[in-house]
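[1] My questions are about this predicted structure, shown below with the sequence.
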Amino acid sequence: MTLAPGPYAPYAPAPQQAPPQPPPMIRPLQLVNILLRGRWIIVGITLLAAAATSAYVLSIPPTYSATAKFMPSQGASASARMGAIAGPSGGVADFAKESTAPEYYTTLLTSRALLEKLLAREFNVPSMGGTVALADTLGTDAPGGQERERAIEALQKRVAVSSVRMRSNTAPPIITVTVSARDPQLAADAANALVEELVHFNREARGSKAAETRKFVEARLKDARGALQGAEKALSDFRRFNRRIATPDLRVEEERLTRAVAVQEEVFVTLAKQMEIARIQEQEDQVSVQVIEPAVAPLQRSAPQRTQNVLVATFAALVASCGIVLVLNKLRSGTTDDPDVRDLNANLRSIARELTFGVAGR
């Protein structure tokens, strides 16, 4: 039987497409061979990065750090010992307990009050031609009144405070203050000067608090003495005019006057103890901290860490150069139909457009 020709062709099934094959994996030896072929690129980039990093770190001025260690005075003062004898009514050790906290020194040593005094002090810096103020060594030139603010900010970055407390809770902490500067002797002198400013500040704070306490207790003691004398006179007058206690009312009145005298005596004795403690505390001139280890000029710089920086930059350049060699090998061996090559070309074109627009915008 013959089919008549017509407009429709006979049906033929479409050929089946083979499933996409995953990209071949790079074998370890193949990876090694690729890197060996691009060895000069790897060596060149690595050496260039090492040389550039070395030149950069050598151009940075060295920084030296000096450390001083101290701890709060652990010996009890005479006023504290008298306060312990006097009992809870003594009330003189509150400030001393507060001033032994590590947070107290951390906040105080980095406060504006102490840093401004330290900036105004002068130090012998031979590299700068003699005696100069610490503020002049920071190189924080700024227009208007911003120079002092920048000097304080720069000094705060150069001062580090830490503390270590012993296992015993009763032992005072050991405070470490570190000051960094371009000159090693300047760093040591600045660290010791900062500790001196701390001692002076503590002495003034303790002295003013003791003076205020003495004045307050002195006024209260004067009032208590007058009240006691009044109560004693009232009891004396009552007994003079009532030699014979004949009625219960007179006996109750005598007991009331006697209690009033006893109460005023207790108040007067307590204030008299506090007055003696306040006088002793005001006269005490002990150093609030004990310097364990004064700062000395360091022999080695603390920054920059040249060897470490060069090694890190060299390792980063080595990894980056290996990646560049692998990318170049992929571009050479791949075709335009390779999806990885197409994505890479698209990303490179996008980066080129962004850089072009950025340069044109400037």
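    Here it is on my side, so go on. Residues are numbered from 1 along each chain as shown.
[2] Starting from whichever helix or strand K69 is part of, tell me which strands it pairs with and how they run.
    Remark: K69 resides in strand 64-72, with elements defined by DSSP states H and E. Strand 64-72 sits in its sheet next to strand 174-181 (antiparallel), strand 289-293 (antiparallel), going by DSSP bridges.
[3] Go through those strands and find the least confident stretch.
    Of all the strands paired with strand 64-72, the minimum mean pLDDT falls on strand 289-293 (a mean of 81).
[4] Following the chain past that one, name the next helix or strand.
    Downstream of strand 289-293, the first helix or strand assigned by DSSP H and E is helix 306-333.
[5] other SSEs contacting the host helix or strand of Q30?
    Here Q30 sits within helix 28-37, counting by DSSP H and E. Counting contacts by 3 or more CB pairs under 8 Å, 6 or more residues apart in numbering; DSSP states H and E, helix 28-37 is packed against helix 306-333. Bear in mind the C-beta positions are built from the backbone N, C-alpha and C, glycine included.
[6] so what does the helix it packs on touch, helix or strand wise?
    Partner elements for helix 306-333 (3+ CB pairs under 8 Å, 6+ apart): helix 28-37, helix 39-59, helix 339-361.
[7] got the buried residues for it?
    Across helix 306-333, burial judged by 16 or more other CB atoms under 10 Å covers R306, N309, V310, A313, T314, A317, L318, S321, C322, V325, N329.
[8] Nearest spatial neighbour of the first one, chain-adjacent residues omitted?
    If I follow you right, that is R306. Nearest non-adjacent residue to R306, counting by CB to CB, 6 or more residues apart in numbering: V57, 4.5 Å away.
[9] just checking, the one you found touches P304?
    Yes - if you go by CB atoms under 8 Å, V57 and P304 touch, sitting 5.1 Å apart.
[10] ok so, going back, could you single out the most deeply buried of the strands paired with strand 64-72?
    strand 174-181 (a mean of 22; mean count of other CB atoms under 10 Å).
[11] wait, is S163 part of a strand?
    Yes - checked against DSSP: H, G, I helix; E, B strand; the rest coil, S163 lies within a strand.
[12] can you tell me how far it sits from S65?
    In this view, S163 and S65 are 17 Å apart by CB to CB, to the nearest Å.
[13] out of the two, which sits in the more crowded spot?
    Using other CB atoms under 10 Å, the more surrounded residue of S163 and S65 is S65, with 20 against 17.
[14] pretty sure that one contacts V177?
    No - the criterion here is CB under 8 Å, and S65 misses it with V177 at 10.7 Å.
[15] for the protein, where's the lowest mean pLDDT among helices and strands?
    Of all helical and strand segments in the chain, the minimum by mean pLDDT, DSSP states H and E falls on helix 94-98, at a mean of 48.
[16] Give me the next element, helix or strand, following it.
    According to DSSP H and E, the helix or strand after helix 94-98 is helix 102-109.
[17] angle of the helix or strand following that next one against helix 102-109?
    Sequence order places helix 112-120 as the next helix or strand after helix 102-109, per DSSP H and E. Helix 112-120 and helix 102-109 are oriented at 50 degrees to each other (axes from the mean of the first three to the mean of the last three CA atoms, to 10 degrees).
[18] what's the spacing between helix 112-120 and its chain's center?
    In terms of CA atoms, centre = their mean, to the nearest Å, the centre of helix 112-120 is found 17 Å from the chain centre.
[19] which residues are contacting that helix?
    108, 133-135, 148, 151-152, 155-156, 159, 190, 193-194, 197-198, 201 (CB atoms under 8 Å, 6 or more residues apart in numbering).
[20] Which positions in that helix come out as buried?
    By neighbour count on 16+ other CB under 10 Å, the buried set for helix 112-120 is L114, L115, K117, L118, L119.
[21] do stretch 148-159 as well
    Going by neighbour count (16+ other CB under 10 Å), the buried part of stretch 148-159 is A151, I152, A154, L155, R158, V159.
[22] In the stretch 201-350 of the chain, where is pLDDT below threshold?
    Where the stretch 201-350 of the chain drops to pLDDT under 70, the residues are 205-210, 246, 281-288, 334-345, 347-349.
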